[in-house]
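>>> mind looking at a prediction? Sequence and model below.
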Amino acid sequence: MASLHDLPDNGSRAGRPVPPRSINYKRRGEIYRWLHRGVIFAGSLAIMLVVLMPVAWLVSSSLQTEAEIVSVPPHWIPDEPTLRNFKAIFTADEGPVSYETRNRQDPASGSFIPSTAKNLLPAMFNSFAVATLVVVLNLLVGLPAAYAMAKIRFRGRTGSVYFILATRVIPDIALVVPFFLVIKNLGLLDSILSLVVTYLAITVPFTVFILIQYFESLPDELDKAARVDGCSRLQTLTHVYLPLSLPSIVAVILFAFLTSWNEFLLALMFTQTVSSQTLPIVLASFTSDFTISFSFINAAGLLAIVPPVIIAIVFERYIVSGLTAGAVKG
């Protein structure tokens, strides 16, 4: 009887040699896999550069003087980083700004301050107040509506869902005049409440749609079990479905906040004074002054993106799961 040492030691199975062609196929498959990974990595790197390069330039230019920011070739890294642009934002209201004082300033030195610079911080507060109110009211209106449409069977339920979605097909520019007439009749012109009302009309349909999809993905047995235990509809929503729907709620919060924070057209139409103007309106006013300070505008733009970035970082782990909520049911 032959021992194990008598079998041919050539990397074969049961004494049969492996054909060289199969070895080549295996090596070729490994090469293809590495090539596929390299293409994906290169594509991801290119997309990341396209997305991050404007942000990197915004940060870099906010720390440069006006002479350095307009130099050719541009300086991606400031030669002498300065915080004078940010200092000007927080001290812009300490002295009067007139044509004479602005005319004596040299824009190339980076010391030019637009006359509307003192309105930036109040506008940031207005934007934050509007966005916060819109988020809170979105949840108060959207959560009960989505729960009712997802778990309560009533006549016209499907038609109601399609009607809500149809309201978002209409472009915002077509709604400016109707919104203006409604806000004027309510006496809310030049008030942040006018923005809250109109932003709710824009964001609530999307909020309800996202939450409906998520609630429908949850088993109906949860609702029946809570009802059998004596819970009312409101208790079932607050004690059963809200803890399970945190990802979708975070997605709704981000959508409502960013929409309210960045909206420009309706804010331009419904606000006229500093007491109600939001951040996009004040940022746009920096380009229509005596002259333009790019470094100052970029510093203001950097401050404008800080709150959304902080919110996105805090809720980052819920964003993807929230936006894909309800995509797979069962």
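On my side now, so go ahead.
>>> which ones are touching the residue lying closest to L246 once chain neighbours are set aside?
Spatial nearest neighbour of L246, chain neighbours left out: Y318 (6.5 Å); criterion: C-beta to C-beta, 6 or more residues apart in numbering. In this view, the C-beta of every residue, glycine as well, is placed from N, C-alpha and C. Contacts of Y318 were listed using C-beta atoms under 8 Å, 6 or more residues apart in numbering, and they are 246-247, 250-251.
>>> likewise for I311?
253-254, 257.
>>> buried ones in the helix or strand where N138 lies?
Element membership for N138 (DSSP states H and E) is helix 120-151. For helix 120-151, burial by neighbour count (16 or more other C-beta atoms under 10 Å) applies to 120-124, 126-128, 130-131, 133-135, 137-139, 142-143, 145-151.
>>> could you do stretch 63-73 as well?
Neighbour counts over stretch 63-73 (16+ other C-beta under 10 Å) mark 63-66, 68-69 as buried.
>>> just to revisit the earlier point, so which of the contacts of I311 comes closest to A46?
Of all these, L254 has the smallest distance to A46: 25.8 Å, by C-beta to C-beta.
>>> point out where the stretch 101-250 of the chain drops to low pLDDT.
Counting by pLDDT under 70, the ranges of the stretch 101-250 of the chain that qualify are 101-112.
>>> and if we set it to 50?
Residue ranges of the stretch 101-250 of the chain with pLDDT under 50: 101-110.
>>> now do the helices in it.
Per DSSP state H, counting those that start in this stretch, the stretch 101-250 of the chain carries helices over the ranges 120-151, 157-166, 176-186, 192-217, 220-228, 233-236, 242-244, 246-262.
>>> same list, the ones you listed, but as a markdown table with distance to K87 please.
A markdown table is the format used below for the helices of the stretch 101-250 of the chain (distance: least, C-beta to C-beta, whole Å):
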| stretch | distance to K87 |
| --- | --- |
| helix 120-151 | 13 |
| helix 157-166 | 48 |
| helix 176-186 | 38 |
| helix 192-217 | 28 |
| helix 220-228 | 55 |
| helix 233-236 | 51 |
| helix 242-244 | 45 |
| helix 246-262 | 24 |
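>>> M269: which of these is closest?
Distance to M269, taken as C-beta to C-beta, is lowest for helix 176-186 among the helices of the stretch 101-250 of the chain, at 5.8 Å.
>>> still on that earlier bit, farthest pair within the buried residues of stretch 63-73?
Top of the distance list for the buried residues of stretch 63-73 (C-beta to C-beta): L63 and E66, 12.2 Å.
>>> so which of the helices of the stretch 101-250 of the chain comes closest to A299?
Each of the helices of the stretch 101-250 of the chain has some distance to A299 by C-beta to C-beta; the shortest is helix 120-151, at 9.7 Å.
>>> packing partners of the closest one?
helix 84-90, helix 157-166, helix 192-217, helix 233-236, helix 246-262, helix 279-285, helix 294-314 (3 or more C-beta pairs under 8 Å, 6 or more residues apart in numbering; DSSP states H and E).
>>> possible to save the ones you listed as a markdown table with distance to T116?
Output for these, formatted as a markdown table (distance: least, C-beta to C-beta, whole Å):
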| stretch | distance to T116 |
| --- | --- |
| helix 84-90 | 11 |
| helix 157-166 | 39 |
| helix 192-217 | 18 |
| helix 233-236 | 47 |
| helix 246-262 | 19 |
| helix 279-285 | 5 |
| helix 294-314 | 10 |
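>>> could you check the angle helix 192-217 makes with the helix holding N138?
Following axes from the mean of the first three to the mean of the last three C-alpha atoms, to 10 degrees, one obtains 30 degrees for the angle between helix 120-151 and helix 192-217.
>>> so is the nearest residue to A56 once chain neighbours are set aside in a helix, a strand, or just coil?
Excluding the flanking residues, the one nearest A56 by C-beta to C-beta, 6+ apart is W76, at 7.3 Å. Following DSSP: H, G, I helix; E, B strand; the rest coil, we place W76 in the coil state.
>>> OK, contacts around W76?
For W76, the contact set (C-beta under 8 Å, 6+ apart) comprises 56-57, 60.
>>> what do you get for L195?
Each residue near L195 by C-beta under 8 Å, 6+ apart is listed here: 130, 260, 263, 266-267, 270-271, 276, 278.
>>> out of these, who has the most neighbours?
Counting neighbours by other C-beta atoms under 10 Å, T278 leads the contacts of L195 with 29 neighbours.
>>> ok, it to S232 distance?
Here T278 is placed at a distance of 39 Å from S232 (C-beta to C-beta, to the nearest Å).
>>> leaving out sequence neighbours, find the closest residue to the most centrally placed residue in the chain.
Nearest to the geometric centre of the chain sits L258, at 5.0 Å (C-alpha atoms, centre = their mean). Leaving aside its chain neighbours, L258 sits nearest to P308 (5.7 Å; criterion: C-beta to C-beta, 6+ apart).
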